[in-house]
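**Student:** sequence-free structure coming up:
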């Protein structure tokens with residue numbers, strides 16, 4: 001099994017639902033990975049689906065991606081209350 005096959009059959013977790021976390025979520029979802037995004041902020045988690053939809057629409061409008069709905073389906077988000085803070 002090549003590393004490419006192994007990576008494609010895995011998922012990835014991202015801690016942080018801000019701009020950078022959203023960007024990485026899109027990159028990994030476009031690569032075919034299932035993505036779960038966690039954040040301790042209920043506000044960021046609540047706005048993530050709309051931000052993801054808008055970002056994907058913008059990328060499609062500029063011809064940078066195709067199939068934004070499929071990419072969006074590969075992204076999940078959760079409130080990460082279990083994440084400990086120093």
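**Tutor:** Structure received. A quick note: this is a predicted structure, and the numbers were derived from the prediction, not measured. Residues are numbered from 1 along each chain as shown.
**Student:** mind listing what residue 71 touches?
**Tutor:** 26, 29-30, 56, 65 (Cβ atoms under 8 Å, 6 or more residues apart in numbering). Any C-beta I mention is one placed from the backbone N, CA and C, and that applies to glycine too.
**Student:** in strands, which of those fall?
**Tutor:** The strands, defined by DSSP state E, take in nothing from the contacts of residue 71.
**Student:** any chance of those in TSV, plus neighbour count, distance to residue 44 and pLDDT?
**Tutor:** TSV is the format used below for the contacts of residue 71 (neighbours: other Cβ atoms under 10 Å; distance: Cβ to Cβ, whole Å; pLDDT from 0 to 100):
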residue	neighbour count	distance to residue 44	pLDDT
26	21	16	92
29	21	18	89
30	19	21	89
56	22	17	93
65	17	23	90
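**Student:** which of those lies closest to residue 16?
**Tutor:** residue 26 (13.7 Å; Cβ to Cβ).
**Student:** correct me, but the closest one touches residue 56?
**Tutor:** Yes: counting by Cβ atoms under 8 Å, residue 56 is a contact partner of residue 26 at 7.0 Å.
**Student:** if we can go back for a sec, in a markdown table, list the contacts of residue 71 along with distance to residue 38.
**Tutor:** Below are those laid out as a markdown table (distance: Cβ to Cβ, whole Å):
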| residue | distance to residue 38 |
| --- | --- |
| 26 | 16 |
| 29 | 15 |
| 30 | 20 |
| 56 | 20 |
| 65 | 24 |
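**Student:** out of the residues you listed, which one sits closest to residue 10?
**Tutor:** residue 29 (12.7 Å).
**Student:** nearest residue to that closest one other than its sequence neighbours?
**Tutor:** residue 74 (4.1 Å; Cβ to Cβ, 6 or more residues apart in numbering).
**Student:** contacting residues for the one you found?
**Tutor:** Contacts of residue 74 by Cβ under 8 Å, 6+ apart are 29, 32-35.
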